[in-house]
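Peer 1: structure for this input, please:
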Amino acid sequence: MVDRGELPAPEQGLVLTHFLTVRDVARSRAFYADIFGGEVVLEENPAIVKVANTWIIMNPGGGPTPDKPGITLTAPDPGDPVSAFMNVRVADITLFYAAATAQGAEFLTEPIDRKAELRCYMRDPDGHLIEIGQATGMLEGVYADPPATSG
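Peer 2: Modelled structure (predicted):
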């Protein structure tokens with residue numbers, strides 16, 4: 001039996017977790033445990049990996065259930081638009097980038113200076129987008145330029 005303290009099961013208040021629909025639970029579980037130094041709390045049904053101060057919950061997709069009628073969960077297909085992503089903040093992005101790359105993580109670019117932060121993106125084995133960032137300028141009151149407006 002798993003210790004309640006290891007599960008996202010608060011005795012009061014709430015905790016925030018992130019659920020991912022994945023194609024291969026074992027592959028995704030290993031990715032989050034290895035790349036982010038997570039602790040596997042449950043192997044499957046659902047897989048739960050505790051990473052820093054949150055939990056990543058993973059299960060295969062599936063059709064509607066009584067508590068989510070009309071909803072089908074699927075992992076993203078290549079080229080799908082992105083409407084949400086995980087945002088991971090690190091103390092040293094250079095160190096994280098080097099360690100994750102050495103473990104096989106694939107990034108879209110190397111870390112880029114965005115004035116307020118150093119930032120890069122990676123994808124997990126199912127294509128979920130993950131932002132990796134290190135606060136830099138924002139600690140001194142320097143923020144990124146606002147997004148360009150279309151018009």
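
Peer 1: for the residue nearest to residue 23 when sequence neighbours are not counted, what are phi and psi?
Peer 2: Leaving aside its sequence neighbours, residue 23 sits nearest to residue 75 (Cβ to Cβ, 6 or more residues apart in numbering; 5.0 Å). For glycine as for every other residue, the C-beta is placed from the backbone atoms N, C-alpha and C. Dihedral pair for residue 75: phi -70, psi 150, per degrees, to the nearest 10.

Peer 1: for residue 75, give its distance to residue 27.
Peer 2: Look at residue 75 and residue 27: by Cβ to Cβ, to the nearest Å, they are 11 Å apart.

Peer 1: the more surrounded of those two?
Peer 2: residue 75 (19 against 13; other Cβ atoms under 10 Å).

Peer 1: give me the pLDDT for that one.
Peer 2: Turning to residue 75, the model gives it a pLDDT of 95.

Peer 1: burial count for residue 71?
Peer 2: By the measure other Cβ under 10 Å, the count of residues near residue 71 is 10.

Peer 1: isn't it up against residue 61?
Peer 2: No: using Cβ atoms under 8 Å as the test, residue 71 is too far from residue 61 to be in contact (10.5 Å).

Peer 1: for stretch 50-65, measure first residue to last.
Peer 2: With Cα to Cα, to the nearest Å applied, stretch 50-65 spans 26 Å between its terminal residues.
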